[in-house]
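Colleague: Next one to model:
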Amino acid sequence: MNQKTLISVLAVLVLILGGTTIYFLTAQKSVAPVVQTPVPVSKTVPVVQDETAGWKTYTNSKYGYAVKYNNDWVFTEFPEADGAKFALKNATATEPRDNKAHDIVISLMPRAMMDQKIPFADYVKIAGIQEIQNYESLASIEKITTKSGLTGYKATWNVQTMGQPVGNTFVSSPFYYFDSGNKNGDTIQIRCEGDEFLDACDKMAQTVTIK
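Modeller: Residues are numbered from 1 along each chain as shown. Below is the predicted model of the structure:
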């Protein structure tokens, strides 16, 4: 093979190699990039159970309010029909236990005439002082909203201990106040007369409805 023929063969090989390289480079550029679409992760929303769904209902037809109470409780309506007292059933009877520390009370509480024009949100801050002897001052108050959207207030009070020097006080169990809606501004109140059933009081207060 002479020199000219060798040069020609080499030139052809260079052209073939160059063309092949250009082809592959072009082909790689023309391939669309693979976009990885993120797979959505479904979140499990916890189901909140309504513990009061199966509770019984006490309805006060005289003043148009109602509240749910646990099936393990019984109630005794007051003679004036303004409310009722709730207590756990005895192990062997269906009557409330004669023990005030275990009672929850709901009732309509009239306002004094001089207090009837005070807005509900302001009156609840002095209600205990105006209505109950030895209740000296407000200890705590918080706004609450029932399951039906009714606005109320949960409050505790500083109480002067009877027979003790002035200033010897204790904090009451909570009271729950709701506006009855009548012209006198009377309040619907739940009173937890002992600390053993504070959780039951909270749950009952969440079920109050007023017509």
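Colleague: what's near enough to touch the nearest residue to Asp179 once chain neighbours are set aside?
Modeller: The shortest distance from Asp179 to any non-neighbouring residue, by C-beta to C-beta, 6 or more residues apart in numbering, is to Phe120 (4.3 Å). C-betas here are computed from N, CA, C, even on glycine. By C-beta atoms under 8 Å, 6 or more residues apart in numbering, the contact set of Phe120 is Tyr177, Asp179, Gly185, Thr187.
Colleague: residue ranges for the strands of the protein, please.
Modeller: Ranges of strands in the chain, per DSSP state E, are 56-60, 65-69, 73-77, 83-88, 104-109, 135-145, 151-160, 169-171, 175-179, 187-192, 209-210.
Colleague: From the contact counts, what lies against the fifth one?
Modeller: Using 3 or more C-beta pairs under 8 Å, 6 or more residues apart in numbering; DSSP states H and E, the elements in contact with strand 104-109 are strand 56-60, strand 65-69, strand 83-88, strand 187-192, helix 198-205.
Colleague: Export the first one to CSV, keeping only CA atoms.
Modeller: In CSV, the C-alpha atoms belonging to strand 56-60 read as follows (Å, rounded to 0.1, in the frame of the first residue of the first chain):
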residue,chain,number,x,y,z
LYS,A,56,-78.6,11.2,78.0
THR,A,57,-80.1,14.7,77.8
TYR,A,58,-81.7,16.7,80.6
THR,A,59,-84.0,19.3,79.2
ASN,A,60,-85.4,22.2,81.2
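Colleague: Now do that strand against strand 187-192, angle only.
Modeller: Angle, strand 56-60 to strand 187-192, by axes from the mean of the first three to the mean of the last three C-alpha atoms, to 10 degrees: 140 degrees.
Colleague: Give me the sheet partners of strand 56-60 and which way each runs.
Modeller: In the sheet, strand 56-60 lines up against strand 65-69 (antiparallel) (DSSP bridges).
Colleague: before we move on, back to that, buried among the contacts of Phe120? Make that a PyMOL selection.
Modeller: Selection of buried members from the contacts of Phe120 for PyMOL, criterion 16 or more other C-beta atoms under 10 Å:
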select buried, resi 177+179+185+187
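Colleague: Tell me who's in contact with Gly152.
Modeller: Lys143, Ile144, Thr145, Thr146, Tyr176, Tyr177, Phe178, Asp179, Ala205, Val208.
Colleague: And those residues, which is closest to Asp50?
Modeller: Looking at the contacts of Gly152 and their distance to Asp50, the nearest is Thr146, at 12.5 Å (C-beta to C-beta).
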